[in-house]
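Q: Would you be able to build a 3D model of this:
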Amino acid sequence: MKNSVDVRTLLSVYEKVKTQGQHFENSCKLEDITCTESPDGYCVNLADNNVSLDINFHNTYHFHTMNEDPESVINQTTTEFHNNNEAQVQEFIHKLMQLDKRY
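A: Next up, the predicted model:
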């Protein structure tokens, strides 16, 4: 996937969700974005219903989609599978950017 996003912006969104969102036992939620962090604080996660984003130490990140395994998706070609996942990730990034602007 060709997702080059600014890690500072992602961390800004994470901080906004954490400080302005509704707090639960192990997470915070603002609008439909949920954030969590690892016990050691070296990895944070932002997620909605379709996409999850891990932001790791040294500003590396990885997107996960709900249907990551092309073998588990029936009636889709590999190209369709990758296009669907890319669309989900792009929508998620857009959602994060909008949240960053609103708060």
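Q: what about the lengthiest helix in the chain, average pLDDT?
A: Longest helix in the chain, counting residues (DSSP state H): helix 78-102. If you average the pLDDT over helix 78-102, you get 82.
Q: same thing with stretch 54-61?
A: 88.
Q: How far off centre is it?
A: Chain-centre distance of stretch 54-61: 12 Å, with CA atoms, centre = their mean, to the nearest Å.
Q: Report the buried residues of the longest helix of the chain.
A: For helix 78-102, burial by neighbour count (16 or more other CB atoms under 10 Å) applies to Phe81, Asn84, Asn85, Gln88, Val89, Phe92, Ile93, Lys95, Leu96, Leu99, Asp100. C-beta here means a position set from N, CA and C on the backbone, and glycine is covered the same way.
Q: Can you tell me what sits against the helix or strand harbouring His64?
A: Element membership for His64, per DSSP states H and E: strand 60-65. Outside strand 60-65, the residues within contact range by CB atoms under 8 Å, 6 or more residues apart in numbering are 1, 3, 5, 7, 10, 50-56, 85, 88-89, 92.
Q: Would you list the strands that it pairs with, along with their directions?
A: strand 51-56 (antiparallel) (DSSP bridges).
Q: before we move on, back to that, which one of the contacts of strand 60-65 has the most neighbours?
A: Neighbour counts for the contacts of strand 60-65 peak at Leu53, which has 24 neighbours (criterion: other CB atoms under 10 Å).
Q: related to what we said a few turns ago, now do the buried residues in the strand holding His64.
A: So, applying 16+ other CB under 10 Å, buried residues of strand 60-65: Tyr61, Phe63, Thr65.
Q: related to what we said a few turns ago, quick check: angle from the longest helix of the chain to strand 51-56?
A: Here helix 78-102 runs at an angle of 70 degrees relative to strand 51-56 (axes from the mean of the first three to the mean of the last three CA atoms, to 10 degrees).
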